[in-house]
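In: Show me how the following folds:
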Amino acid sequence: MHRILIAGFQHETNTFGATKAKFKDFQEADGWPGLLQGDNVISGTAGINLPLAGFVEAAQQAANIELLPAVWASAEPSSYVTDDAFEQISQMILDGVASAGQLDGIYLDLHGAMVTESHEDGEGELLSRIRAIVGNQLPIAVSLDLHANLTSRMVQFASSLSIFRTYPHIDMADTGIRAYAMLRRHLSGENLYSAIRQAPFLVPLSAQYTGATPCQELYSLLSVENGANTVVSDIAMGFPPADIFDAGPAVVAYGPTQADADHEADRLIEAIKASEDLFDSALLSPTAAVSKAMAANGARPVVIADVQDNPGAGATSDTTGLLKTLVDCKAQKAVLGLLNDPETAAKAHALGVGGIFSVELGGKSGLPGLDPYHATFKVLALSDGRFSFSGAMYAGARAKIGPTALLKIVDDTADVCVVVGSKRCQCLDRAIFTHIGIELEKLKIIALKSTVHFRDDFEPIAECILHAEAPGANYCRLDDVPYQRLRPNVRRGPRGNLN
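Out: So this is what the prediction gives:
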């Protein structure tokens, strides 16, 4: 019987964000469960598209695996994780390791782009502390997000890293299954050698879509075999809103010899470098995006992604630049969501359906240039913010985004509505609109706060998809980003300026 401790600690850190991730943010449920401990780690994630759920499902099919769940915690992407939150959750994991008795292995569901107030590489720091308890021989299998900023410490302290291969991340549970396969190889006594390579340029999130060139071709280079003596590799496209030394795309490879691992890592990094000119964010000004959407003659709605105000990348989700443009351009049959403004949502709930009120909407982050929008709104519908997601990425999860309101801007020339919620939640699932009564197929324009994740659920109903470069904290044009810690001689974007 193999005794395996399992735990998860998830955060994607945008160091340019407005608010830090405190311990209470990990305790609260949003799109995913709040902090789970003990047996609740397994029951609370079961059936959800999460790496830990995939790992558990695979392990439970084996007769010789005993799982020892410690803790699983996640918070919506934001600025730095506070030292208090990092220390509390890390200690829960370390206490679980120390009290578990004889272990045969560990599985960790991590992100790979966590930055704390004191540690640029949160995952590497956590892994180093675990190694200080268990030593260098115990197998530690780790799953990471596609946007991980890989570091040498992660590769040094983890026995293997398995990384998402799709963006949108519809393969999160599948990645947990691959991590389990890697752990089985370690448990069998197989000795795997590792290699890591970093690309010489950053790639904005808006150009990392794996359903298009060049990521589609790059990810097709990865082997699906994961048996004894095979070479296994993964690509991490990186998370550029993190101002750290190791930000950017990288590859990791594992093989039966060091030469095998090196050869595979070299093959992949050369393919990424050769694809540099093919990465394209396709950014349009808000006015150009709205004008193009209004001119479309198709039967289906045009989707405009407010790519730089994506809360899933640590942005505030309360900017109003694209919303203002929709009204100024006299857009018809348009809706924008999800805008985070708990105060406005509360006022709408106090007034009730049919109520009309004027308010300064959004723009409450305090970040420069991100101002609120003063307008008069009519309350069309209300929700408690609890609903089941319907798309593949959040499959099995239930939203808890607090009081939510569908508001219509009172304007004789424009027909624009906005869904206002009380928690930041990336608009990657149609249920955010449909649960409050919106019939998306009858609209002309759907504007949403997401960068790529929305594609899986919205592409099937979209006439086309446009990227609007409205102001926000998820920078998608990287040349002007004020990096201070990024390593030298890295280009700030494909063919961008050298750092």
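
In: Identify the bridge partners of residue 142.
Out: residue 108, residue 161 (DSSP bridges).

In: when you give positions from now on, start the count at 882
Out: That works, and once the first residue is 882, the last one we named lands at residue 1023.

In: Helix or strand with the lowest mean pLDDT in the protein?
Out: Within the chain, no helix or strand scores below strand 1279-1281, which has a mean of 94 by mean pLDDT, DSSP states H and E.

In: Packing partners of the helix or strand just after that strand?
Out: Moving toward the C-terminus from strand 1279-1281, the next helix or strand (DSSP states H and E) is strand 1285-1290. The contact analysis (3 or more C-beta pairs under 8 Å, 6 or more residues apart in numbering; DSSP states H and E) places strand 1285-1290 against helix 1223-1232, strand 1254-1264, strand 1297-1302. In short, each C-beta sits where N, CA and C put it, glycine included.

In: Tell me the helix or strand right after the shortest one.
Out: Toward the C-terminal end, the helix or strand that comes next after strand 1297-1302 (DSSP H and E) is helix 1312-1315.

In: repeat for the longest one
Out: Stepping forward along the backbone from strand 1254-1264, the first helix or strand reached (DSSP H and E) is strand 1267-1269.

In: so for that following strand, what's the average pLDDT?
Out: Mean pLDDT, strand 1267-1269: 96.

In: Show me what it is packed against.
Out: Packing partners of strand 1267-1269 (3+ C-beta pairs under 8 Å, 6+ apart): strand 1279-1281.

In: List the pairing partners of the strand it packs on within its sheet, with orientation.
Out: strand 1267-1269 (antiparallel).

In: Not counting the partner strand itself, show me its contacts.
Out: 1278, 1279, 1280, 1281, 1312, 1316 (C-beta atoms under 8 Å, 6 or more residues apart in numbering).

In: All the strands of the stretch 932-1081 of the chain, residue numbers only.
Out: Taking DSSP state E, counting those that start in this stretch as the criterion, the stretch 932-1081 of the chain carries its strands at 946-955, 986-991, 1021-1025, 1041-1044, 1074-1079.

In: out of these, which comes closest to residue 903?
Out: Residue 903 lies closest to strand 946-955 among those, at 12.0 Å (C-beta to C-beta).

In: Could I get the average pLDDT for the closest one?
Out: Computed over strand 946-955, the average pLDDT equals 98.

In: May I have the strands that pair with that strand, each with its orientation?
Out: In the sheet, strand 946-955 lines up with strand 883-891 (parallel), strand 917-918 (antiparallel) (DSSP bridges).

In: Just the buried positions in it, please.
Out: 946, 948, 949, 950, 951, 952, 953, 954, 955 (16 or more other C-beta atoms under 10 Å).

In: List the contacts of the residue nearest the centre of the chain.
Out: Residue closest to the average C-alpha location in the chain (C-alpha atoms, centre = their mean): residue 1193, at 5.0 Å. Contact partners of residue 1193, counting by C-beta under 8 Å, 6+ apart, are 893, 957, 958, 1307, 1309, 1331, 1332, 1334.

In: Could you look up the SS state of it?
Out: Here residue 1193 is helix, with the state taken from DSSP: H, G, I helix; E, B strand; the rest coil.

In: and it, what pLDDT?
Out: 96.

In: Let's see if you can find the most crowded of the contacts of residue 1193.
Out: residue 1332 (31 neighbours; other C-beta atoms under 10 Å).

In: mind putting the strands of the stretch 932-1081 of the chain in a markdown table, distance to residue 1101 included?
Out: What follows is these, written out as a markdown table (distance: least, C-beta to C-beta, whole Å):
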| stretch | distance to residue 1101 |
| --- | --- |
| strand 946-955 | 30 |
| strand 986-991 | 25 |
| strand 1021-1025 | 20 |
| strand 1041-1044 | 15 |
| strand 1074-1079 | 19 |
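
In: out of these, nearest to residue 1108?
Out: strand 1041-1044 (14.0 Å).

In: you'd agree residue 1339 is in a helix?
Out: Yes. Assigned with three-state DSSP, residue 1339 falls within a helix.

In: if you skip the residues just before and after it, what's nearest to it?
Out: residue 1184 (5.3 Å; C-beta to C-beta, 6 or more residues apart in numbering).

In: coming back round to it: give me the distance between the residue nearest to the centre of the chain and residue 1313.
Out: 12 Å (C-beta to C-beta, to the nearest Å).

In: same thing with residue 1190?
Out: With C-beta to C-beta as the criterion, residue 1190 and residue 1313 are 15 Å apart.

In: Map the structural domains onto the sequence of this protein.
Out: The chain breaks down into these domains under automatic domain parsing: 883-1159, 1164-1357.

In: Kindly reformat those domains as CSV containing distance to residue 1367.
Out: What follows is these, written out as CSV (distance: least, C-beta to C-beta, whole Å):
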stretch, distance to residue 1367
domain 883-1159, 6
domain 1164-1357, 13
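
In: Of these, which is nearest residue 1364?
Out: The nearest among those, by C-beta to C-beta, is domain 883-1159 at 5.2 Å.

In: Please tell me how far that closest one is from the chain's geometric centre.
Out: Remark: domain 883-1159 is offset 13 Å from the chain centroid, using C-alpha atoms, centre = their mean, to the nearest Å.

In: Likewise for stretch 1158-1173?
Out: Distance, centroid of stretch 1158-1173 to centroid of chain: 22 Å (C-alpha atoms, centre = their mean).

In: Any buried residues in that stretch, and which?
Out: 1160, 1162, 1164, 1165, 1167, 1170, 1171.

In: which residues are in contact with it?
Out: 1084-1085, 1087-1088, 1094-1095, 1183, 1185, 1188, 1202-1203, 1206-1207, 1209-1210, 1212, 1326, 1347-1351, 1357-1358, 1375-1376.

In: Pull out the buried residues from the residues you listed.
Out: Using 16+ other C-beta under 10 Å as the burial test, the contacts of stretch 1158-1173 include 1084-1085, 1087-1088, 1095, 1183, 1185, 1188, 1202-1203, 1206-1207, 1210, 1212, 1326, 1347-1351, 1357, 1375 as buried.

In: Take those and keep only those in strands.
Out: If you go by DSSP state E, the buried ones among the contacts of stretch 1158-1173 have 1183, 1185, 1326, 1347, 1348, 1349 in strands.

In: Would you mind listing the two of those that lie farthest apart?
Out: 1326 and 1348 (14.0 Å).

In: Can you say which of the strands paired with strand 946-955 is packed in most?
Out: strand 883-891 (a mean of 23; mean count of other C-beta atoms under 10 Å).

In: Now that one: average pLDDT?
Out: Averaged across strand 883-891, pLDDT comes to 98.

In: which among the buried residues of stretch 1158-1173 gets closest to residue 1221?
Out: Nearest to residue 1221 among the buried residues of stretch 1158-1173: residue 1167, at 18.9 Å, using C-beta to C-beta.

In: Could you tell me the model confidence score at that closest one?
Out: 98.

In: From residue 1293, how far off is it?
Out: The separation that residue 1167 has from residue 1293, given C-beta to C-beta, amounts to 22 Å.

In: related to what we said a few turns ago, which one, of the strands paired with strand 946-955, ends up nearest to residue 1147?
Out: Closest approach to residue 1147 among the strands paired with strand 946-955 (C-beta to C-beta): strand 883-891, 30.7 Å.

In: what's the angle between the closest one and strand 986-991?
Out: 10 degrees (axes from the mean of the first three to the mean of the last three C-alpha atoms, to 10 degrees).

In: Quick check: next helix or strand after strand 883-891?
Out: Using DSSP H and E, the helix or strand that follows strand 883-891 in sequence is helix 904-908.
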